[in-house]
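Asks: based on what follows, work out the 3D shape:
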Amino acid sequence: MRRFAFSLCTIFLCHMIFATTSLRAQMASADKPAAMSAPTSGARAEFLGEVSYFEQRFTRLAEAIPADKYSWKPGEAVRSIGEVYAHVAAGNYFYAKLLGTPFPAGVDPKAVSALTDKPKIVQALKDSYAHLRGAVANIKDSDLESSVKLPGGRDSTVRGAFMFIAGHTGEHLGQSIAYARQNGIVPPWTEDRLKQDAAKPKQ
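Replies: The predicted structure follows:
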């Protein structure tokens, strides 16, 4: 009889532990919005193409710049090489928030913009672009004409914000390329093209 009672208690406790664990998992997943699949056409897909383009350019260039050049700047009162990359990474989090996705838990964009260590900045760029891609994927096509406030308080739509983000990011990419060139560093994608051209048979 004691063995039977003990077995019943054991089964009951196991059931309670399983139920509690399952409930916690459900509550945890409920706190996080489910990520939507990336669009394959339309404005969001087109903007995600731009995001991927900038991500590839910025991360490859940031990796190509030597760590000792991250503090280089062309003059006073302007951002250094490393500060530009950190600014872009922090900006991606603000852009995601502008598009309706809050900052990830434990991420402070102001702290990101203050990074100076090359490995941390490169990782911050990759993390911020992953977050921005998720924010765009979570937007519904029906929300593209919804009103948003751009930096400076200017009124826009979500579709207009896409153009603003691409334009502003493009400015910093051009700035970063100029900084690299001034330090004798050829952008990696240009190096790739030069190697491909050199490998072609001469006419």
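Asks: which residues touch residue 155?
Replies: 147-149 (Cβ atoms under 8 Å, 6 or more residues apart in numbering). No exception for glycine: its C-beta is placed from N, CA and C like everyone else's.
Asks: helices of the chain, start to end?
Replies: For the chain, the helices defined by DSSP state H occupy 2-31, 42-64, 81-98, 109-113, 118-137, 158-182, 188-199.
Asks: name the nearest residue to the residue nearest the centre of the chain, sequence neighbours excluded.
Replies: The centre of the chain sits closest to residue 129, judged by Cα atoms, centre = their mean, with a distance of 1.7 Å. Setting aside the residues directly before and after it, residue 129 is nearest to residue 55 in space (Cβ to Cβ, 6 or more residues apart in numbering), at 4.1 Å.
Asks: how many neighbouring residues does that neighbour have?
Replies: For residue 55, the tally of surrounding residues (other Cβ atoms under 10 Å) stands at 20.
Asks: returning to what we had before: please identify the most buried of the helices of the chain.
Replies: helix 81-98 (a mean of 22; mean count of other Cβ atoms under 10 Å).
Asks: measure how far that helix is from the centre of its chain, please.
Replies: A distance of 9 Å separates the centroid of the chain from that of helix 81-98, by Cα atoms, centre = their mean, to the nearest Å.
Asks: going forward, begin numbering at 25 instead of 1
Replies: Sure, I'll start counting at 25 from here, so that last one is helix 105-122.
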